[in-house]
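> Compute the structure for the input listed below.
(one chain, ligands or ions: 2)
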Amino acid sequence: MAIKLDKTDAVIVGTGWAGGIAAAELTKQGYKVVALERGEDISSEDFIGSKDELKYEVRHDLYQDRTKETITTRNTTDEDAKPLRDQPTDTNGDGTGGTSTHWAGWTFRFLPFDFEIRSKIEEKYGEDRIPEDMSIQDWGIIYDELEPYYDKFEKTAGISGEENPLGPERSDDYPNPPMKETPSIRMFKEAAEALGYHPYRTPSANMSQQYENPDGETINACVYCSFCEMYGCDFGAKADPIVTVLKTAKKTDNFEIRNHAYVTRVLHDDDKASGVLYVDTQTGEEYEQPADIVVVAAYTYGNTRLMLLSEIGEPYNPETGEGIIGKNITAHYGNLLFTGVDGFFEDKKFNSFAGTGALGATLDDYNGHQIDNNETDFLHGFQLNISQGGAEPISNNPVPKDTPSWGKEFKENSLYYTNRHLGVGSMEACLPREHNFMDLDPRYNDIFGDPLLRLTVKFTDQERNLAKYKIEKAKEIMEEMGADIVEAPEITDETEFNQDSIHSHTTGGVIMGDSPETSAVNNYSQMWEKENLFVVGGSSFPHIGAYNPTGTIGALAYRATEGMVEYLEGDGGLLIEPKEEDKA
Ligand SMILES: Cc1cc2nc3c(=O)[nH]c(=O)nc-3n(C[C@H](O)[C@H](O)[C@H](O)COP(=O)(O)OP(=O)(O)OC[C@H]3O[C@@H](n4cnc5c(N)ncnc54)[C@H](O)[C@@H]3O)c2cc1C
Ligand code: SF4
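Numbering: from 1, shown residues only. Ligands and ions are numbered 1, 2, ... in the order given. Here you go, the predicted model:
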């Protein structure tokens with residue numbers, strides 16, 4: 001029998017960027033907030049002296065323990081899914097600050113095209129151009145409406161950047177100038193410009209200078225230490241929830257984080273959530289935390305699974321196309337959509353060992369509306385980039401393909417090419433298909449006996465053609481940069497989703513839109529069917545654009561929090577009326 005606790009104004013599941021932003025904004029307004037975090041308590045002090053590649057990069061210290069709870073994967077509905085147990089690219093966080101502590105810090109805005117994708121494609125290429133089973137939809141919000149919230153997130157996180165010459169309109173500059181320009185970034189920019197492209201410095205949550213954000217939190221200047229992505233920052237120089245929003249919330253005395261609190265259900269009556277059920281994983285005790293509003297911010301997988309386990313919303317059925325929860329899973333699949341080319345240089349050496357998570361440059365000449373899809377055998381597009389993340393000794397061992405993987409020649413080449421290697425990377429938009437979805441696995445359970453989340457994903461020519469095309473464009477830039485050897489991954493018609501594809505940019509499952517017929521949440525991340533339940537994060541993306549997701553997660557979290565305050569201050573009810581023609 002669960003122990004029933006005193007009611008609070010808001011209970012938040014998860015303490016990453018999404019949960020942290022909700023915590024800061026609600027507590028600043030005077031609301032009492034309890035955040036439940038399944039992992040341990042982590043503070044910036046825990047990162048001091050943590051430049052330990054073996055511990056973090058190799059042994060995944062900050063990540064969720066996949067032996068205890070995981071996901072299962074398969075390609076088609078007639079297969080049994082298999083659990084993912086140890087996958088180096090699936091590095092979601094577990095502990096205060098979530099994944100948002102060991103992110104790299106690339107902080108983009110999605111394009112206006114992304115938010116109105118179906119309308120824009122139909123307008124430009126005609127309805128027939130969209131394959132019947134491609135479930136793209138407009139998001140129920142347009143870029144101009146979201147712009148102030150992007151601005152707010154960028155100011156909270158102190159983003160260092162410069163205007164994208166092909167980007168959407170901004171109401172203000174980035175709060176900090178771009179990071180330092182290194183020789184390799186300069187080479188990329190010069191090569192790109194020579195080819196007629198429009199490169200710009202990657203917007204970075206690593207600080208180019210010391211910065212005080214609007215909440216009064218100081219983020220220090222980055223020292224380019226290289227141990228950045230996959231690590232917490234021991235200099236307090238990477239914007240994360242611990243040094244910003246969670247700190248702001250704690251100052252108010254309205255905030256409590258409970259660690260080792262694993263939420264198993266959202267409790268609910270007819271049209272409202274009443275609280276959550278959680279287990280203290282250190283004592284095994286079960287608790288009920290009642291609240292006026294419930295905020296689920298447990299990343300795409302956690303959000304989708306909690307809705308399915310709690311029986312909120314109708315699970316998506318790929319046979320009939322009915323139901324929403326679990327629908328529109330998309331991601332930057334590691335073996336296809338997150339690939340790039342390698343360049344090896346005989347006459348140049350680079351200080352690649354120095355860097356930061358988001359030190360680089362990007363170009364958008366093939367992204368969204370910039371590319372003419374009349375000329376391509378795919379829709380939407382991609383960005384190309386160079387990144388100087390800091391080449392660490394264990395995980396970086398670039399050698400040309402014909403080098404043996406061990407022995408004398410490997411050692412010689414490894415030493416020779418360590419500082420003579422650069423990469424041109426990319427990220428592509430991924431568009432949803434009716435056959436790709438998430439549901440509960442009937443075969444595998446977690447330690448509480450609850451079914452694991454199951455991913456069913458099969459690639460189509462859309463993804464493969466896009467990847468092949470972008471590899472050719474990346475090669476051209478690397479050649480222009482003067483590399484003596486240019487190598488690209490082989491993408492064939494057989495390249496398929498597998499456990500190497502799993503990536504921390506997975507989105508969808510509790511998607512947003514302008515009507516309950518096509519979406520689970522409105523553009524305040526408010527569930528249509530439970531008015532005091534807000535499901536915040538990448539789970540609400542109807543598709544992932546050609547950018548890392550967190551800038552957009554942050555913007556949507558600020559928008560959602562504005563809605564939560566409006567809801568708590570008002571008389572309840574939906575904050576947005578569902579679109580007229582879809583009403584019953
Ligand atoms: C190595 C790496 C690099 C990345 N780099 C970038 C980048 O450069 N740019 C970018 O835009 N994105 C990047 N990302 C993605 C980015 O980290 C995520 O988009 C972002 O952190 C998501 O924030 P969130 O608050 O939604 O989720 P999270 O930060 O993952 O927070 C979710 C929290 O919920 C908790 N939780 C989950 N389930 C439960 C439960 N049942 N009960 C209680 N608590 C629960 C988790 O423990 C976690 O703390 C990167 C990700 C990784 C792994
Ligand atoms: S590179 Fe900069 S932001 Fe990243 S961990 Fe080092 S000091 Fe912190």
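
> the longest strand in the chain is where?
Identified as the longest strand of the chain according to DSSP state E is strand 286-296.

> Mind giving me the packing neighbours of that strand?
strand 3-4, strand 8-13, strand 33-36, strand 261-268, strand 273-280, helix 299-309, strand 533-535, helix 550-569 (3 or more CB pairs under 8 Å, 6 or more residues apart in numbering; DSSP states H and E). Heads up, the C-betas are built off the backbone N, CA and C, glycines and all.

> helix or strand right after the third one?
What that stands for is strand 33-36. helix 53 (DSSP states H and E).

> Give me the neighbour count for the nearest residue to Gly313 once chain neighbours are set aside.
Of all residues not flanking Gly313 in the chain, Ile325 sits nearest, at 4.2 Å (CB to CB, 6 or more residues apart in numbering). Counted with other CB atoms under 10 Å, the neighbours of Ile325 add up to 26.

> In three-state terms, label Pro148 for me.
Assigned with DSSP: H, G, I helix; E, B strand; the rest coil, Pro148 falls in the helix class.

> still on that earlier bit, among the helices and strands packed on strand 286-296, which is the most enclosed?
Mean neighbours per residue, mean count of other CB atoms under 10 Å, is largest over the helices and strands packed on strand 286-296 for strand 533-535, with a mean of 29.

> which ones are touching whichever residue of the chain sits closest to ligand 1?
Closest contact between the chain and ligand 1, by CB to the nearest ligand atom, is at Gly16 (2.1 Å). When contacts are counted by CB atoms under 8 Å, 6 or more residues apart in numbering, Gly16 touches Gly93, Gly97, Gly98, Thr99, Ser100, Pro241, Ala297, Tyr299, Gly537.

> Show me which residues of the protein sit near ligand 2.
Contact residues, the chain versus ligand 2 (CB under 6 Å from any ligand atom): 206, 222-225, 227-228, 231, 233, 235, 237-238, 356-357.

> of those residues, buried ones?
Among the residues of the chain next to ligand 2, those buried by neighbour count (16 or more other CB atoms under 10 Å) are 206, 222, 224-225, 227-228, 231, 233, 235, 237-238, 356-357.

> Just put these in a markdown table and tack on pLDDT and distance to Asn523.
Output for these, formatted as a markdown table (pLDDT from 0 to 100; distance: CB to CB, whole Å):
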| residue | pLDDT | distance to Asn523 |
| --- | --- | --- |
| Asn206 | 98 | 30 |
| Cys222 | 98 | 34 |
| Tyr224 | 96 | 38 |
| Cys225 | 94 | 39 |
| Phe227 | 94 | 38 |
| Cys228 | 94 | 33 |
| Tyr231 | 92 | 34 |
| Cys233 | 96 | 32 |
| Phe235 | 94 | 36 |
| Ala237 | 97 | 33 |
| Lys238 | 98 | 29 |
| Thr356 | 96 | 33 |
| Gly357 | 96 | 30 |
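
> so can I have a markdown table of those residues showing distance to Asn373?
As requested, these are exported to a markdown table (distance: CB to CB, whole Å):
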| residue | distance to Asn373 |
| --- | --- |
| Asn206 | 34 |
| Cys222 | 38 |
| Tyr224 | 39 |
| Cys225 | 42 |
| Phe227 | 40 |
| Cys228 | 35 |
| Tyr231 | 39 |
| Cys233 | 40 |
| Phe235 | 44 |
| Ala237 | 40 |
| Lys238 | 36 |
| Thr356 | 34 |
| Gly357 | 32 |
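
> is it true that Phe541 touches Gly509?
No - counting by CB atoms under 8 Å, Phe541 sits too far from Gly509 to count as a contact (9.3 Å).

> returning to that earlier point: any chance of the contacts of Gly16 in TSV, with pLDDT, secondary structure and distance to ligand 1 too?
Below are these laid out as TSV (pLDDT from 0 to 100; DSSP: H, G, I helix; E, B strand; the rest coil; distance: CB to the nearest ligand atom, whole Å):
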residue	pLDDT	secondary structure	distance to ligand 1
Gly93	86	strand	5
Gly97	96	coil	7
Gly98	94	helix	3
Thr99	93	helix	3
Ser100	93	helix	4
Pro241	98	coil	7
Ala297	98	coil	5
Tyr299	97	helix	4
Gly537	98	coil	3
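
> Just flag the most distant two among those residues.
Within the contacts of Gly16, Gly97 and Gly537 form the most distant pair, 14.2 Å apart (CB to CB).

> Give me the residue ranges of the chain where confidence is low.
Within the chain, the ranges that satisfy pLDDT under 70 run 87-89, 581-584.

> circling back to that earlier point, with the contacts of Gly16 in mind, which one is nearest to Lys32?
Out of those, the member with the shortest distance to Lys32 (by CB to CB) is Ala297, at 17.3 Å.

> Is it correct that the closest one is in contact with Leu556?
No - if you go by CB under 8 Å, Ala297 and Leu556 don't touch, sitting 10.7 Å apart.
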